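1. Pasting the sequence and the predicted coordinates here, then a few questions.
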Amino acid sequence: MVSPDNLAKKAVDKMLTTDYFSQWMGIEIIEVKQYYSKIKMQLRKEMLNGFGIAHGGVTFALADSAFAFACNSDGKITVALDVSISFPKAGKEGDTLIAEAKQINKTNKTGLYLIEVKNQNDELVALFKGTCYQTEKSLF
């Protein structure tokens, strides 16, 4: 029998094989466990907006990927129902952004997650909250 944490790693590996956007962003997996993920990426010049700071969509996408990896960690296809994000600090070119997704509530079909995005100095760059819906379909 596969442990929950090994299943989580297998699920994320499967998702990443066709997640071309996460690949383009250069996302690296730091840690994956059941209902949890921690990932990172480096902000590149083409990820900046017209003010020379991280484009909100890029920071959102990093948090969304961490959310997806945590939500799907039990091997069932799970999709976002509702998300929101706040940006307390701007990211800059060269920053390493680390997104950590934690489940804070689960029902039979839904989950509530909090995702913190911090920079290499452990400063909060974004706070993302997401609700997901779990289908009956298997990732495998």
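-> Perfect, I can see it now.

2. mind listing the strands in this protein by residue range?
-> Using DSSP state E, the strands of the chain run over 28-33, 36-42, 76-86, 96-106, 110-118, 124-138.

3. Show me what the second one is packed against.
-> Meaning strand 36-42. In terms of contacts (3 or more Cβ pairs under 8 Å, 6 or more residues apart in numbering; DSSP states H and E), strand 36-42 is packed against helix 4-17, strand 28-33, helix 56-71, strand 96-106. Where you see a C-beta, it was placed from the backbone N, CA and C, and this is true even at glycine.

4. and of the ones you listed, who's closest to Asn121?
-> Counting by Cβ to Cβ, Asn121 lies closest to strand 96-106 out of the helices and strands packed on strand 36-42; the figure is 9.5 Å.

5. got the buried residues for that closest one?
-> Across strand 96-106, burial judged by 16 or more other Cβ atoms under 10 Å covers 97-103.

6. quick one, what contacts Lys33?
-> Lys33 sits next to 4-5, 8, 73 when contact means Cβ atoms under 8 Å, 6 or more residues apart in numbering.

7. so Phe128 bridges to which residues?
-> Ile85, Ile115 (DSSP bridges).

8. Return the per-residue confidence for the closest residue to Gly111 other than its chain neighbours.
-> Spatially, and ignoring its direct neighbours in sequence, Gly111 is nearest to Cys132 (4.9 Å; Cβ to Cβ, 6 or more residues apart in numbering). pLDDT for Cys132: 98.

9. Would you check how far apart Cys132 and Ala70 are?
-> Distance from Cys132 to Ala70, counting by Cβ to Cβ, to the nearest Å: 9 Å.

10. measure stretch 83-92 end to end?
-> With Cα to Cα, to the nearest Å as the measure, the ends of stretch 83-92 fall 24 Å from one another.

11. residues making contact with that stretch?
-> Contacts for stretch 83-92 (Cβ under 8 Å, 6+ apart): 43, 52-54, 56, 59-60, 63-64, 67, 97, 119, 123-131.

12. Count the residues that sit near Ala8.
-> For Ala8, the neighbour count with other Cβ atoms under 10 Å is 24.
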